[in-house]
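Trainee: missing the sequence, but the structure's below:
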């Protein structure tokens, strides 16, 4: 069972050809991993253009540094680390957005209750989270990072990672509950 | 039994089932851009390899000419040529090291300020940094090499110029908003 979308097998021959600078082999690697790479970049920055830039930079870095990859750990793990590092560093450079408070979200939801797409599914609930919280919950729950690894990425302590994860999950649960509650009332109004 | 254990572990790790969200598809195919960046990099690498020796000779020549033009009066007129070289060389080495440190500080400041770079610039930046690392490796074996220090200064100048251009573009973009 794959634990992360990145966990894709790569044969040694393709890797060796790419190491020698064979562009066809590089393309084959790119095609295999592009979507998981783009997805994780998108989940972190929640912006299509930035995710594209991050993915592009990460692949260029990976292909250029392929000679330094010693093959002790799987290739996908190394690639994912490069993508995540690029994404986190792009967050540091981007102007800080204010984290959206839960009350703000409820307020907006009540005032615009007649709008289509009000129901909070997982996707839109994620988008409402603050950048760091979203990144932490995604890296931990989907990509399988542990608290030590997350703490290292952010240059913080493990407690920081644990606190943020717990906060992010609880915010997500609240948002999903709010979405579920608003669904029946909207259906009734439609009738 | 085995399945349920895995299922429980998965549920514990991802209680909200975020992993069930589909992968996000990139809006366009980025391979042509990446390919062209890699091709440029390979060409530049080949060029650097072949012209490396030539550049080193040119740098030495320029340095020698520079020494001759700018510091001819450092040595007393009666001093023999060998003595002149001995007195001027350490000073030049010191000034190159100082310049290298200043440039490194400048690059560090630029790096913290600059936003995302276009692919071409990024490739160039990584390349320059790689070359600096190579020069540093050689410097660890020959720390007093004028040639290596002048190469390091030149590379840092290029890197600093690259960041400066990007910052200028960033400011222009912000001003146009």
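Mentor: Received the coordinates, thanks. Everything quoted here is computed from the prediction, not taken from an experiment.
Trainee: Following element in sequence after the helix or strand bottoming out on mean pLDDT in chain A, please.
Mentor: In chain A, the helix or strand scored least confidently by mean pLDDT, DSSP states H and E is helix A:102-111, which has a mean of 43. Once helix A:102-111 ends, the next helix or strand along the chain (criterion: DSSP states H and E) is helix A:122-128.
Trainee: Domain map for chain B?
Mentor: Using automatic domain parsing, the domain parsing of chain B gives B:31-71, B:81-176.
Trainee: Could you dump those into a markdown table and include mean neighbour count?
Mentor: Every residue, glycine included, has its C-beta placed from N, CA and C. Converted to a markdown table, the domains of chain B look like this (neighbours: other CB atoms under 10 Å in any protein chain shown):
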| stretch | mean neighbour count |
| --- | --- |
| domain B:31-71 | 13 |
| domain B:81-176 | 15 |
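Trainee: between those domains, which one is nearest to residue A:147?
Mentor: Between residue A:147 and the domains of chain B, the tightest spacing by CB to CB is seen for domain B:81-176, at 27.4 Å.
Trainee: what ranges do the helices span in the chain?
Mentor: Just going to use chain A. Per DSSP state H, chain A carries helices over the ranges A:12-19, A:23-45, A:48-64, A:75-93, A:102-111, A:122-128, A:131-141, A:147-154, A:158-190.
Trainee: wrong one, I was asking about chain B
Mentor: Along chain B, the stretches classed as helices by DSSP H are B:2-13, B:31-70, B:81-113, B:119-141, B:146-175.
Trainee: Mean pLDDT lowest where, among those?
Mentor: Lowest mean pLDDT within the helices of chain B: helix B:2-13, at a mean of 65.
Trainee: for the domains of chain B, which one sits closest to residue A:141?
Mentor: It's domain B:81-176; of the domains of chain B, that one is closest to residue A:141 (CB to CB) at 27.5 Å.
Trainee: hmm, the closest one in reach of chain A?
Mentor: Yes. Domain B:81-176 is in contact with chain A by CB under 8 Å from any CB of the partner chain, via B:114-116, B:119, B:122-123, B:126.
Trainee: If we only consider the residues you listed, which is nearest to residue B:21?
Mentor: For the residues of domain B:81-176 next to chain A, the minimum distance to residue B:21 (CB to CB) is 25.8 Å, reached by residue B:116.
Trainee: Tell me the pLDDT of the closest one.
Mentor: For residue B:116, the model assigns a pLDDT of 71.
Trainee: contacting residues for it?
Mentor: Applying CB atoms under 8 Å, 6 or more residues apart in numbering or on different chains to residue B:116 gives the contacts A:50, A:53, A:57, A:90, A:93.
Trainee: What's the local residue count around residue 19?
Mentor: No chain specified, so I'll use chain A. A count of nearby residues for residue A:19, using other CB atoms under 10 Å in any protein chain shown, gives 16.
Trainee: if you could check chain B rather than the one you did, that'd help
Mentor: If we define neighbours as other CB under 10 Å, then residue B:19 has 17 of them.
Trainee: So the closest residue to it other than its chain neighbours versus residue A:136, what's the distance?
Mentor: Leaving aside its sequence neighbours, residue B:19 sits nearest to residue A:142 (CB to CB, 6 or more residues apart in numbering or on different chains; 4.8 Å). As judged by CB to CB, to the nearest Å, residue A:142 and residue A:136 stand 11 Å apart.
Trainee: And residue B:166, by the same measure?
Mentor: Distance from residue B:166 to residue A:136, by CB to CB: 30 Å.
Trainee: is it true that residue A:71 touches residue A:19?
Mentor: No. With contacts counted by CB atoms under 8 Å, residue A:71 stays clear of residue A:19, the gap being 9.5 Å.
Trainee: got the contact list for residue B:38?
Mentor: Taking CB under 8 Å, 6+ apart, we find residue B:38 in contact with A:21, A:23, A:26, A:60, A:63-64.
Trainee: ditto for residue A:160
Mentor: Going by CB under 8 Å, 6+ apart, residue A:160 touches A:151, A:154.
Trainee: can you tell me which of the domains of chain B comes nearest to residue A:45?
Mentor: domain B:81-176 (10.8 Å).
Trainee: Contact partners for the spatially most central residue of chain A?
Mentor: Note on chain A: the residue nearest the mean C-alpha position is residue A:43, at 3.0 Å, using CA atoms, centre = their mean. Shown in contact with residue A:43 (CB under 8 Å, 6+ apart): A:126, A:134-135, A:138, A:142, B:24.
Trainee: Of those - the most surrounded one?
Mentor: In the contacts of residue A:43, the most neighbours by other CB under 10 Å go to residue A:135, 26 neighbours.
Trainee: Name the nearest residue to that one, ignoring sequence neighbours.
Mentor: Nearest residue to residue A:135, sequence neighbours excluded (CB to CB, 6+ apart): residue A:44, at 4.8 Å.
Trainee: returning to what we had before: residue A:81 is nearest to which of the domains of chain B?
Mentor: Closest among these, using CB to CB: domain B:81-176, at 16.7 Å.
Trainee: sorry, back to before: for the helices of chain A, which has the smallest mean pLDDT value?
Mentor: Here the helices of chain A differ in mean pLDDT, and the lowest is helix A:102-111 at a mean of 43.
Trainee: Would you state the predicted confidence (pLDDT) at the residue nearest to residue B:19?
Mentor: Looking at residue A:142, the pLDDT reads 92.
Trainee: Name all residues that make contact with it.
Mentor: Going by CB under 8 Å, 6+ apart, residue A:142 touches A:4-5, A:43, B:14, B:18-19, B:21.
Trainee: tally of neighbours for residue A:48?
Mentor: 15.
Trainee: Once you drop chain neighbours, what's closest to it?
Mentor: Nearest to residue A:48 is residue B:27, by CB to CB, 6+ apart, at 5.7 Å.
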